[in-house]
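# quick one, what's the 3D model for this:
(one chain, ligands or ions: 1)
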Amino acid sequence: MGYVFEPQAVPTLAVAGSDDRLPVRRIFCVGRNYAAHAREMGKDPDRDPPFFFTKPADAVVEDGETVAYPPLTENLHYEAELVVVIGTAGVNISEEDALSHVWGYAIGNDLTRRDLQLTAREQGRPWDWGKAFDRSAVIGPVHSVASVGHPAEGSIKLTVNGQVKQDADLNELIWSVPEIVSILSQSMSLKPGDVIMTGTPAGVGPLVPGDTCVVEIAGLGQISTQIGPRA
Ligand code: MN
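Residues are numbered from 1 along each chain as shown. Sure thing, here's the model as predicted:
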């Protein structure tokens with residue numbers, strides 16, 4: 001048996017301090033997970049169970065790359081996020097055991113076609129066209145737990161052309177990393193290479209061609225993305 005055409009290469013992420021690559025299986029994203037961002041999106045922050053959406057694994061973009069301004073939108077947004085990478089499979093994982101399933105952490109930028117997302121939200125339609133487009137998941141090098149531990153507090157900051165747009169602390173997450181991993185694993189069986197973008201703080205806003213967007217998280221360094229001309 002052969003393939004009828006060549007299978008796509010496995011999407012991968014850089015590993016901090018190593019030439020090894022980390023294969024990506026799926027990308028989950030948490031919706032509203034910082035109270036001030038929930039309010040700026042016109043929603044009450046609360047402890048209703050978190051909700052998730054996904055991006056395709058091959059949407060990953062690395063630190064330092066240029067992303068062409070995507071089609072169909074007039075309102076491309078940045079979203080600074082802490083990214084969790086699963087290294088050990090599990091289902092129905094307890095909060096107490098959740099961190100033992102984490103391989104490492106990275107800095108992310110959940111690029112969003114905000115106009116399409118809001119239209120979908122109003123019409124009760126899926127968010128894919130707003131969230132899951134080509135090259136929509138900027139994720140920097142993954143730092144192993146062995147090297148950085150489990151960041152639960154510390155600055156998360158985003159600038160556009162040097163101007164601070166988002167400035168918060170990881171301790172403001174409504175749902176913590178152990179809670180997110182546990183809840184997600186009640187619904188899906190998690191496997192190595194599953195990536196979770198944990199939600200963005202307040203201050204989301206537009207990017208336009210020519211912008212440089214930098215996200216910085218204490219202990220994880222910073223990542224930079226350039227926005228290119230329309231694709
Ligand atoms: Mn997000």
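
# got the residues of the protein near the ion?
By C-beta under 5 Å from the ion, the residues of the chain that approach the ion are 79, 110, 200. Using the backbone N, CA and C atoms, a C-beta is placed for each residue, glycine as well.

# need the contact list for the nearest residue to the last one once chain neighbours are set aside.
So the one you mean is residue 200. Closest residue to residue 200 apart from its sequence neighbours, by C-beta to C-beta, 6 or more residues apart in numbering: residue 79 at 3.6 Å. Residue 79 sits next to 109-112, 200, 204 when contact means C-beta atoms under 8 Å, 6 or more residues apart in numbering.

# in the chain, which residue sits nearest the ion?
residue 110 (3.5 Å; C-beta to the ion).

# where does the chain have low pLDDT?
Residues of the chain meeting the criterion pLDDT under 70: none.

# what is the burial count for residue 75?
Residues lying near residue 75 (other C-beta atoms under 10 Å) number 16.

# ok, the residue most central in space within the chain to residue 17 distance?
When C-alpha atoms, centre = their mean is applied to the chain, the residue found nearest the centroid is residue 197 (3.1 Å). In this view, residue 197 and residue 17 are 22 Å apart by C-beta to C-beta, to the nearest Å.

# now residue 164
From residue 164 across to residue 17, the span is 28 Å (C-beta to C-beta).

# related to what we said a few turns ago, restricted to helices, list the contacts of residue 79.
With helices defined by DSSP state H, no entry of the contacts of residue 79 lies inside them.

# got those as JSON lines, with neighbour count columns?
JSON lines is the format used below for the contacts of residue 79 (neighbours: other C-beta atoms under 10 Å):
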{"residue": "109", "neighbour count": "29"}
{"residue": "110", "neighbour count": "25"}
{"residue": "111", "neighbour count": "27"}
{"residue": "112", "neighbour count": "25"}
{"residue": "200", "neighbour count": "30"}
{"residue": "204", "neighbour count": "19"}
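
# put together a markdown table for the residues you listed, with distance to residue 172 on each row.
Formatted as a markdown table, the contacts of residue 79 follow (distance: C-beta to C-beta, whole Å):
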| residue | distance to residue 172 |
| --- | --- |
| 109 | 18 |
| 110 | 17 |
| 111 | 22 |
| 112 | 20 |
| 200 | 11 |
| 204 | 15 |
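
# and residue 184, its phi and psi?
Per-residue torsions, residue 184: phi -60, psi -40 (degrees, to the nearest 10).

# hang on, residue 37 is in a helix, isn't it?
Yes. Assessed by DSSP: H, G, I helix; E, B strand; the rest coil, residue 37 belongs to a helix.
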